[in-house]
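Student: here is my input; please provide its structure:
(4 chains)
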There are 4 protein chains.
Amino acid sequence: MIIVMASSKKEDVEHVVQRIEELGYKAHVIVGVERTVVAAVGDERGKERLTALEALPHVEKVFPILKPFKLAGREVRSEDTVVECGTAKIGGGHFCVMAGPCSVESKEQVNLSAQIVKDAGATMLRGGAFKPRTSPYSFQGMELEGLKLLWSAGQAVGLPVVTEATTPEQVAIVAEFADMIQIGARNMQNYGLLRAAGKSNRPVLLKRGMMSTINEWLMSAEYIMSEGNPNVVLCERGIRTFETETRNTLDIQAVPVIRKLSHLPVIVDPSHAAGRWELVLPMACAAVASGADGIMVEMHPNPEVALSDGQQSLKPRRFEELMAAIRPLLDVMKKTL
Amino acid sequence: MIIVMASSKKEDVEHVVQRIEELGYKAHVIVGVERTVVAAVGDERGKERLTALEALPHVEKVFPILKPFKLAGREVRSEDTVVECGTAKIGGGHFCVMAGPCSVESKEQVNLSAQIVKDAGATMLRGGAFKPRTSPYSFQGMELEGLKLLWSAGQAVGLPVVTEATTPEQVAIVAEFADMIQIGARNMQNYGLLRAAGKSNRPVLLKRGMMSTINEWLMSAEYIMSEGNPNVVLCERGIRTFETETRNTLDIQAVPVIRKLSHLPVIVDPSHAAGRWELVLPMACAAVASGADGIMVEMHPNPEVALSDGQQSLKPRRFEELMAAIRPLLDVMKKTL
Amino acid sequence: MIIVMASSKKEDVEHVVQRIEELGYKAHVIVGVERTVVAAVGDERGKERLTALEALPHVEKVFPILKPFKLAGREVRSEDTVVECGTAKIGGGHFCVMAGPCSVESKEQVNLSAQIVKDAGATMLRGGAFKPRTSPYSFQGMELEGLKLLWSAGQAVGLPVVTEATTPEQVAIVAEFADMIQIGARNMQNYGLLRAAGKSNRPVLLKRGMMSTINEWLMSAEYIMSEGNPNVVLCERGIRTFETETRNTLDIQAVPVIRKLSHLPVIVDPSHAAGRWELVLPMACAAVASGADGIMVEMHPNPEVALSDGQQSLKPRRFEELMAAIRPLLDVMKKTL
Amino acid sequence: MIIVMASSKKEDVEHVVQRIEELGYKAHVIVGVERTVVAAVGDERGKERLTALEALPHVEKVFPILKPFKLAGREVRSEDTVVECGTAKIGGGHFCVMAGPCSVESKEQVNLSAQIVKDAGATMLRGGAFKPRTSPYSFQGMELEGLKLLWSAGQAVGLPVVTEATTPEQVAIVAEFADMIQIGARNMQNYGLLRAAGKSNRPVLLKRGMMSTINEWLMSAEYIMSEGNPNVVLCERGIRTFETETRNTLDIQAVPVIRKLSHLPVIVDPSHAAGRWELVLPMACAAVASGADGIMVEMHPNPEVALSDGQQSLKPRRFEELMAAIRPLLDVMKKTL
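Tutor: As a prediction, this is how the structure comes out:
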């Protein structure tokens, strides 16, 4: 931790040095031309105590040096983590395509969707049963019934399924009927839910909050891992910016940034970022070329009648085109589907 | 809902008209110079079904006309809601000052804090017992013990208390030992928690998510109200932007925007927005002059040793200065403390 | 400057130390538990040379310690700068109200506007003659003719005038017919224009770019001041964020941040931030209470027929209400109009 | 244009209809369940006059329907524009690699750079002579001397050159010594400069402002085109967001969005977006796969001693790796270098 002094007076610097030593750190004072800086050497992970020094009028700023995550960091594990999820593998050269409808709407819809995505080459089936909706008056999902329909549809075509849990209590039932538990963007900092997912034995798909930094996202992965569950897959799905032509701005740079900072697999969801089906195919291609370990895509047998997110869902034929577009790029990137 | 056509071909327009009518709306077609527009007349609150029309290649865009909230809207209630919380009133000319430490740290610390803020003129006592922290390795609060200490401290000086619940299960216990339940910024779209708070009989303080629009914030209030709890107070606490001199950007315009859109009281938390104690006093003054119904301020007897948020907490003397600064402004604004 | 090493190997650290010394700085090495940090002591204002060390794979990050501005900084001048502009003073307890139409549209319109704002108590007249418009097909202003009309209108009622220059060549003519030269938000980093304004002998009103940081804004003031013109007034006019209820987000915290970092006066333009007339009065009040040295407000005799920005312009009666609302707040803040 | 009424009273609606007709549009009134909407049919490009109707208290909102650009729009030209720049072609299947140092620093540095990028396969040479720098105390470029050195270096190896003009006056001299005129991000809305470039006979590279929407960017292209210059290449270089791990957020979705809205070529600058050399290669690959028509990359013979932007410049060997990485992707995308 670096403490930049507002005052270089001897007693002010000594006060800071004393506080640093009381907190168990070693202090190094560097007297500059215009500013005095004090370095506090030690484990920064209890850093709040040092940050409170900013309360002093003679301290200008406190900068941390270390990243706040441990288990999720590349430094504790140099090789890529490969997450296994039923027949699907994610990371370390294994590319995953999770596809399916935004919401499970009926037995026919989910079964048909499962068959279409399986035939086109997807490796996992997605579909929402418990839906976190902005409005209490919107369709809230088919809940437990939807969960079971999704599971049956996956079983029927031989695809593992991923679906969202929105409260700590739902984690157990989702873990029973799904191969992977999704934590949605709005819940990325719902710590009770993260802890519950961390105690489950299912791999977890952790979506990035739409206004969360990469560091906060990795800290949320750290919550899950610190409860004993090492199988976390990160999913970039767009962040909030001033641009209005797209629903969110796909932060594609997050892929190589995560690969540098962490050993965890990272996938991309172009459907939610764009909010418009026309952008999904080119962004799926960009995701492959950026080095991502997979994509998550919304496909609906008939998007114009979908109960949610129809505007960003691909028709079956367009999903087949997407698969045809990414295959030669996967070859170039030496990734296997 | 306004549907802007990408194609003006007769069959494309008729297809859209047919879908609109199937969904129970009336369709009006307006043929412009370069674009055809179709207006769908009816209740927009089931609007997802219409939005899905964007999935059609011959539709360019779908615009909603109505705001998505009902109970929280100014249109259903023209007079200001006044929320009562023990001895404190919020809204309709009643200004509320909620003050106290970020976290309850010990019996001595919370009792001393309560006495200081009471003596300086605060009308409610704040303090965190269940703390949602970015890192699993940070101090997570004193939990139930902290809750009881806060309650006792409030009782001792005669101030109602407000504190945060972070999971649906905590709502009952917080409702037992606090006069007002706080929903924090990270949980603004934790719908399970909103529903639980909506079923409680305590007033709710709903902080704006740092990544949330004003419309989404009002929709979260709508979740609480739709469960039967009309006593919601909104709290602006800063949004995330590119600016790095402050922790968040205080969206002070949110105060008059909320007053136009909603009948609910709105208060401002300058401590979390700034992240630096020096900005708290001028921003508290700006909040009063903007028409806010209250402020929430962090005060700690000794900020440099605080276990959380020390850098943004006021010392006792500075809190007294803040109260002295806002009193004449409250007189000008015709608000009573 | 603090250089955080990615590698703590002896030769890597020595390489960095050698480069630091070659560039004329002193190097201090601090060996931490997990990271080695090297402090480069010396004047940071040639900091690009040090920043280039991030090109080395064994360097993780380079942090500057000092603010990059000199002349604009509070450290070189502790008392507030008071800018004089004809009969108006700005800063150091003098509050300024600049008001008038967005664009000069005709002799009648600008004369009538000048009379109205003068009668209501404004201290300067604003009005656009050279207009920077997003579209080449929009009204581009009356240019030189408009400039002369504005000047005459100001003369007639005894108000100094402020208007925008958009290219380096316009600076001379604007300096001839106006008391203050405005640099607009889109031109905050138009360095040729800043330099030209810096060579003029008129005070400069420097608007903040809508996505510029406070530090960049002060660096633009530094450009003007480094050419010899010390009379710069800063104007906060809203920044770009994800919020769509308002045109821009008024960063009211910028007022106390600037007052801490700089001795220059800072005013607020609530009209451009809001983009909606209803928000102008409460935000003008918030600006006064935040400690601002003035406001800039759009007033049009008949906003619904304005050639630009009608939606955010106040009618005469509403401008009078604004003046009535801020007067008692100015008394509380001990500011004189 | 769609006008949403706040009031449905007969006289209020009639007032709006009358104003619409006075402005030369046809009005259609649609009476909804809760709101009345008036559609104004006609050419929206004089839309400010209609937007001013928001000044009326009985009007809630005014929505435009049409995009504000004409010449830059896909609708006036369905085939892709191919911009020719000396031996280089950009667009319509022709991929362009512009590479070279951030700044021209010396004859040796620019000649060596030109040889390296030519040998590795670049199709154009970039280099800054007139540099827009945030600080007046930073290296401001070698100006005219640098321009001539860049031109000679390009001549020597047979590469067309692109370099930035920062003021209207520099356009003529840049047009004399360069094959393409660059407008930098900070100058995207410097309308005097855009007009000057529009009057030049050289193709223009228009970088997106870091704070600009895609629509504003296309409007700036429209400024250039409306002066008679049809040869505009758009360059996405990152936008400003809250994320701090990267200097800017590369808005890769802008590529397919531009391809839908416009016929102009669009390229990507991964160096400025990232601000860190490690991200440049994966983002160049993502740009190719997204459908971009080229990339612009900073390469320096020895980044750690660069006078500007060393931290984001590639070493010669890493630039060769980048070229090796994109070639097979270009084959898949059926683009020729």
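Student: distance of residue A:290 relative to residue D:285?
Tutor: Note on residue A:290: its distance to residue D:285, by Cβ to Cβ, to the nearest Å, is 7 Å. Quick note: C-beta positions are derived from backbone N, CA and C, even for glycine.
Student: more neighbours, the two?
Tutor: residue A:290 (30 against 26; other Cβ atoms under 10 Å in any protein chain shown).
Student: any idea how far residue C:40 is from residue A:98?
Tutor: 48 Å.
Student: how far off centre is the helix or strand bottoming out on mean pLDDT in chain A?
Tutor: For chain A, the helix or strand with the lowest mean confidence is helix A:48-51, at a mean of 79 (criterion: mean pLDDT, DSSP states H and E). In terms of Cα atoms, centre = their mean, to the nearest Å, the centre of helix A:48-51 is found 28 Å from the chain centre.
Student: do any residues in it lie close to chain C?
Tutor: No. Shown here: helix A:48-51 not in contact with chain C (Cβ under 8 Å from any Cβ of the partner chain), separated by at least 13.2 Å.
Student: list the helices and strands that helix packs on?
Tutor: Using 3 or more Cβ pairs under 8 Å, 6 or more residues apart in numbering or on different chains; DSSP states H and E, no helix or strand is in contact with helix A:48-51.
Student: partner strands of the strand or helix carrying residue A:181 and their direction?
Tutor: Assigned by DSSP states H and E, residue A:181 belongs to strand A:180-183. Strand pairing for strand A:180-183, using DSSP bridges, gives strand A:161-164 (parallel), strand A:204-207 (parallel).
Student: where does the stretch 51-200 of chain A get nearest to chain B, which residue?
Tutor: Nearest residue of the stretch 51-200 of chain A to chain B (Cβ to the nearest Cβ) works out as residue A:52 at 2.7 Å.
Student: ok, now how distant is that residue from residue A:235?
Tutor: 35 Å.
Student: what is the subsequent helix or strand relative to the strand holding residue A:181?
Tutor: helix A:191-199.
Student: in that following helix, what counts as buried?
Tutor: For helix A:191-199, burial by neighbour count (16 or more other Cβ atoms under 10 Å in any protein chain shown) applies to A:191, A:192, A:193, A:194, A:195, A:196, A:197, A:198.
Student: please apply the same query to stretch A:311-320.
Tutor: A:311, A:312, A:313, A:314, A:315, A:316, A:318, A:319, A:320.
Student: count of neighbours near the residue of the stretch 101-250 of chain A found nearest chain B?
Tutor: As assessed by Cβ to the nearest Cβ, chain B sits closest to residue A:211 within the stretch 101-250 of chain A, at 2.8 Å. Residues within reach of residue A:211, counting by other Cβ under 10 Å, total 23.
Student: hang on, the earlier thing: ok, the residue of the stretch 51-200 of chain A closest to chain B - contacts?
Tutor: B:303, B:304, B:305, B:306, B:309, B:310, B:311 (Cβ atoms under 8 Å, 6 or more residues apart in numbering or on different chains).
Student: right, and the first one touches residue B:313 too?
Tutor: Read it as residue B:303. Yes. Under the criterion of Cβ atoms under 8 Å, residue B:303 makes contact with residue B:313 at 4.2 Å.
Student: identify all contacting residues around the strand holding residue A:181.
Tutor: So strand A:180-183 is in contact with A:85, A:124, A:126, A:160-165, A:171, A:174-175, A:190, A:193-194, A:197, A:200, A:202-207, A:220, A:233, going by Cβ under 8 Å, 6+ apart.
Student: the stretch 1-150 of chain A against chain C: which residues are in contact?
Tutor: Within reach of chain C by Cβ under 8 Å from any Cβ, the stretch 1-150 of chain A has these residues: A:2, A:4, A:28, A:30-35, A:37, A:39, A:41-43, A:63, A:65-66.
Student: in strands, which of the residues you listed fall?
Tutor: Mapping these onto strands (DSSP state E) picks out A:2, A:4, A:28, A:30, A:31, A:37, A:39, A:41, A:63.
Student: quick check: mean pLDDT across the top helix by length along chain A?
Tutor: Longest helix of chain A, by residue count under DSSP state H: helix A:316-332. Across helix A:316-332, pLDDT averages out at 98.
Student: relative to the whole chain's centre, how far out is that helix?
Tutor: 23 Å.
Student: return the set of buried residues in it.
Tutor: Using 16+ other Cβ under 10 Å as the test for burial, helix A:316-332 gives A:316, A:318, A:319, A:320, A:322, A:323, A:325, A:326, A:328, A:329, A:332.
Student: that helix and chain B in contact?
Tutor: No. Helix A:316-332 is not in contact with chain B by Cβ under 8 Å from any Cβ; minimum separation 10.2 Å.
Student: elements contacting that helix?
Tutor: Judged by 3+ Cβ pairs under 8 Å, 6+ apart, the packing partners of helix A:316-332 are strand A:96-100, helix A:107-120, helix A:280-290, strand A:294-298, helix D:316-332.
Student: what are the pairing partners of the first one, and which direction each?
Tutor: What it means is strand A:96-100. Strand pairing for strand A:96-100, using DSSP bridges, gives strand A:124-126 (parallel), strand A:294-298 (parallel).
Student: thought residue A:292 was touching residue A:97, still the case?
Tutor: No. Residue A:97 is beyond contact range of residue A:292, at 11.0 Å (criterion: Cβ under 8 Å).
Student: so for the two, which residue has more residues nearby?
Tutor: Between residue A:97 and residue A:292, counted using other Cβ under 10 Å, the more crowded position is residue A:292 (29 against 24).
Student: the more buried one touches residue A:256, doesn't it?
Tutor: No. Judged on Cβ under 8 Å, residue A:292 makes no contact with residue A:256 at a distance of 9.5 Å.
Student: do you know how far residue A:318 is from chain D?
Tutor: Here residue A:318 is placed at a distance of 14 Å from chain D (Cβ to the nearest Cβ, to the nearest Å).
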